[in-house]
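**Q** I would like to see how this sequence folds:
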Amino acid sequence: MGKLVSIAEYGTAAKAHIVKSRLEAEGIPCYLYNENLNSILAGVSFARIKLQVPLEHSLKAADIILENPSDPPTTL
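**A** Numbering: from 1, shown residues only. Model prediction:
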């Protein structure tokens with residue numbers, strides 16, 4: 001596996017996990033950075049959750065994320 005790059009950011013873990021599951025179903029390994037930081041205090045968001053994929057999968061992953069414009073990431 002190559003270098004990991006952040007391709008999207010989400011305000012909630014629920015949204016990040018939905019997209020992570022979609023990418024994994026397409027065979028793209030992905031990781032959530034800062035996932036547990038926001039669970040320290042309920043209702044308080046410390047940081048955006050970054051969705052990371054290996055660099056060699058980043059373009060395909062971005063295409064998949066952009067296929068669903070009704071639930072876009074906070075940052076892409």
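
**Q** From now on I want contacts and neighbour counts done on CA atoms only, so please keep to that.
**A** Noted.

**Q** any chance you could read off phi and psi for the one residue sitting closest to the centre of the chain?
**A** Among the residues of the chain, Leu51 comes closest to the average C-alpha position under CA atoms, centre = their mean, at 2.6 Å. Phi and psi for Leu51, reported as degrees, to the nearest 10, are phi -90, psi 120.

**Q** what's the closest non-adjacent residue to it?
**A** Closest residue to Leu51 apart from its sequence neighbours, by CA to CA, 6 or more residues apart in numbering: Leu32 at 4.9 Å.

**Q** list the helices and strands the longest helix along the chain packs on?
**A** Longest helix in the chain, counting residues (DSSP state H): helix 13-25. The contact analysis (3 or more CA pairs under 8 Å, 6 or more residues apart in numbering; DSSP states H and E) places helix 13-25 against strand 31-33, strand 49-54, helix 58-66.

**Q** again, 7 Å this time
**A** Packed against helix 13-25 by the contact rule (3 or more CA pairs under 7 Å, 6 or more residues apart in numbering; DSSP states H and E) you find strand 49-54.

**Q** And for Asn34, the neighbour number?
**A** Neighbour count for Asn34, taken as other CA atoms under 10 Å: 15.

**Q** Next: Leu23.
**A** 20.

**Q** again with Gly11
**A** Neighbours around Gly11, by other CA under 10 Å: 18.

**Q** can you pull the pLDDT of Gly11?
**A** Looking at Gly11, its pLDDT stands at 84.

**Q** Give me the nearest residue to it, chain neighbours excluded.
**A** Gly11 sits nearest to Arg48 (CA to CA, 6+ apart), 5.1 Å away.
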